[in-house]
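Novice: Have a look at this fold, sequence not included:
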Ligand code: GUN
Ligand code: FE
């Protein structure tokens, strides 16, 4: 068992009354685990009766324990290019991204960067992510191997692209189909790993490539679909010119039956009405990536509209267009994006999106996202006050909601004390190391 302060959201839903009813806080609680699975979360007075010995628990008193963070969109090969100066999306891809991604044909580079990437996730309290590789199968091979070693719940896929990118990163639709199929057979549903079909975005896909994606989705209907949608105005115009017959950007994906419950579309900033409707009808999900949208000057995601339309949504860091792996900093930027549009993102809603809401967007809310019995034991232990400013500020915060709001406003990776995956502590700030 573990003893400490716990906060989670027990049910899905983003209305203020739902969040209030579903928020659960134990100032002094005990979390019981068995073989990587959560057995119970109880208040100390009740839980202590079930202890085998007086000190039969890991003592995290003074720390706050949250469900592990869920990052619904990022690119592991772009770890090494965060902070590429000056360009918006399309020029940024050509100038910086494609050259960096070319390095992942080298398996040893991919292995080295996979290990570094996972340690970045864990040191930021992120225990599950939906991840882009590069076009090279060896890029995801390396990532899946490293994640398997840590028993992390992870969804990833190799990029599929066959046009409008340099020759060294493009493939034929046939190659894309065959290599993706092999990866699905090797990795999909292996332990806690899952496969996402990953066409980069409509502009780098020919009709034949999207038909290959559709064929794979029909053959493997429980795989995920992960791509970009309507991020940047020039991109939207380009899609119009490449697919003149399509009524909208999302219409291109929908035509190939790539919308649906396990489809995750990153960004979704410049949407038409019919696209919001289609996302809703098909139960597709959006990854809202505030640091990326601000960094690339892409635009402001309309969170209010997303809720009014009842669309599944999770938070993504979108590293390397995003500027941090840290979910606290990402939530702070999400708050500001909402503020600019007159929407208040409260702390319970923000942490909901980072945990259970992200799990729901990924259709994994039966497995992760909170401390209910039967959920997988992935969680993060936070130190609320790691700087003089945080200490001073927390001294006069009244309740858990204010503490959480200050945590996301002032917090960063220093606040992540320990990270647990599958019932084991796999990362600790004391040693700054991944224990595998
Ligand atoms: N659209 C297509 N590819 C990318 C990418 O790598 N990053 C972002 N932010 N948008 C994209
Ligand atoms: Fe992205």
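Specialist: Received it, and whenever you're ready, just let me know what you need. What you see is a predicted model; the values in this text were computed from it and never measured. Ligands and ions are numbered 1, 2, ... in the order given.
Novice: residues from the chain in reach of ligand 1?
Specialist: Within the chain, the positions near ligand 1 by Cβ under 6 Å from any ligand atom are 75, 89, 93, 97, 200-201, 228, 231, 292, 318, 321. Heads up, the C-betas are built off the backbone N, CA and C, glycines and all.
Novice: Name the pair among those with the greatest separation in space.
Specialist: Greatest spatial distance in these: 200 and 292, 15.0 Å, computed using Cβ to Cβ.
Novice: Between those two, which is the more surrounded one?
Specialist: Using other Cβ atoms under 10 Å as the criterion, residue 200 and residue 292 rank with residue 292 on top: 28 against 24.
Novice: residues contacting that one?
Specialist: If you count contacts by Cβ atoms under 8 Å, 6 or more residues apart in numbering, residue 292 has them with 267, 298, 316-318, 321-323.
Novice: So which of these are in strands?
Specialist: Per DSSP state E, strands hold the following members of the contacts of residue 292: residue 267.
Novice: now that we have the contacts of residue 292, which one has the most neighbours?
Specialist: Top of these by neighbour number is residue 317, holding 32 neighbours under the definition other Cβ under 10 Å.
Novice: Redo the residues of the chain next to ligand 1 as a markdown table? Include distance to residue 310, pLDDT and secondary structure.
Specialist: Formatted as a markdown table, the residues of the chain next to ligand 1 follow (distance: Cβ to Cβ, whole Å; pLDDT from 0 to 100; DSSP: H, G, I helix; E, B strand; the rest coil):
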| residue | distance to residue 310 | pLDDT | secondary structure |
| --- | --- | --- | --- |
| 75 | 28 | 98 | strand |
| 89 | 28 | 98 | helix |
| 93 | 32 | 98 | helix |
| 97 | 33 | 98 | helix |
| 200 | 28 | 98 | coil |
| 201 | 25 | 99 | coil |
| 228 | 22 | 99 | strand |
| 231 | 22 | 98 | coil |
| 292 | 24 | 98 | helix |
| 318 | 24 | 98 | coil |
| 321 | 28 | 98 | coil |
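Novice: Need those in a markdown table (columns: distance to ligand 2).
Specialist: Formatted as a markdown table, the residues of the chain next to ligand 1 follow (distance: Cβ to the ion, whole Å):
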| residue | distance to ligand 2 |
| --- | --- |
| 75 | 6 |
| 89 | 9 |
| 93 | 10 |
| 97 | 9 |
| 200 | 9 |
| 201 | 9 |
| 228 | 6 |
| 231 | 8 |
| 292 | 7 |
| 318 | 4 |
| 321 | 6 |
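Novice: Looking at those, which is nearest residue 343?
Specialist: Relative to residue 343, the closest of the residues of the chain next to ligand 1 is residue 292; by Cβ to Cβ it sits at 19.0 Å.
Novice: sorry, back to before: what is the nearest of the residues of the chain next to ligand 1 to residue 362?
Specialist: Of all those, residue 362 sits closest to residue 318, with 15.2 Å by Cβ to Cβ.
Novice: Low-confidence ranges, the chain, go.
Specialist: Applying pLDDT under 70 to the chain flags residues 433, 435-436.
Novice: now do 90
Specialist: The model of the chain has pLDDT under 90 over residues 54, 430-436.
Novice: The longest strand seen in it pairs with which strands, parallel or anti?
Specialist: Using DSSP E to define each element, the chain has its longest strand at strand 23-34. Neighbouring strands of strand 23-34 in its sheet, by DSSP bridges, are strand 2-9 (antiparallel), strand 37-43 (antiparallel).
Novice: could you dump these to JSON lines with mean neighbour count?
Specialist: Below are the strands paired with strand 23-34 laid out as JSON lines (neighbours: other Cβ atoms under 10 Å):
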{"stretch": "strand 2-9", "mean neighbour count": "24"}
{"stretch": "strand 37-43", "mean neighbour count": "18"}
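Novice: so which of those gets nearest residue 278?
Specialist: strand 2-9 (27.8 Å).
Novice: what are the ranges of the helices in the stretch 51-200 of the chain?
Specialist: Secondary structure of the stretch 51-200 of the chain (DSSP state H, counting those that start in this stretch): helices at 89-92, 98-101, 107-123, 137-150, 173-187.
Novice: Next, the buried residues of the third one.
Specialist: Spelled out, that is helix 107-123. For helix 107-123, a neighbour-count test (16 or more other Cβ atoms under 10 Å) marks 109-111, 113-115, 117-123 as buried.
Novice: Kindly indicate which of those residues lies nearest residue 346.
Specialist: Proximity of these to residue 346 (Cβ to Cβ) peaks at residue 121, which lies at 25.7 Å.
Novice: how near is the closest one to residue 153?
Specialist: 11 Å (Cβ to Cβ, to the nearest Å).
Novice: cool, and residue 208?
Specialist: Noted for residue 208: a distance of 33 Å to residue 153, by Cβ to Cβ.
Novice: what about stretch 224-231, distance to the chain center?
Specialist: Offset of stretch 224-231 from its chain centre (Cα atoms, centre = their mean, to the nearest Å): 13 Å.
Novice: again with stretch 272-286
Specialist: 20 Å.
Novice: Any residue of that stretch touching ligand 2?
Specialist: No: counting by Cβ under 5 Å from the ion, ligand 2 has no neighbours in stretch 272-286; the shortest distance is 12.4 Å.
Novice: Give me the buried stretch members for that stretch, please.
Specialist: By neighbour count on 16+ other Cβ under 10 Å, the buried set for stretch 272-286 is 275-276, 278-279, 282, 284-286.
Novice: which residues touch it?
Specialist: Residues contacting stretch 272-286 (Cβ under 8 Å, 6+ apart): 72, 229-230, 247-251, 254, 259-261, 263-268, 271, 301, 305-306, 309-314, 361-363.
Novice: Can you turn the buried part of those into a PyMOL selection?
Specialist: In PyMOL, this line selects whichever of these come out buried by 16+ other Cβ under 10 Å:
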select buried, resi 72+229+230+248+249+250+251+254+259+260+263+264+265+266+267+268+271+301+306+309+311+312+313+314+361+362+363
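Novice: If we check ligand 2, which of the contacts of stretch 272-286 are in contact?
Specialist: Counting by Cβ under 5 Å from the ion, residue 266 from the contacts of stretch 272-286 sit close to ligand 2.
Novice: In helices only, show me the contacts of stretch 272-286.
Specialist: Per DSSP state H, helices hold the following members of the contacts of stretch 272-286: 249-251, 254, 305-306, 361.
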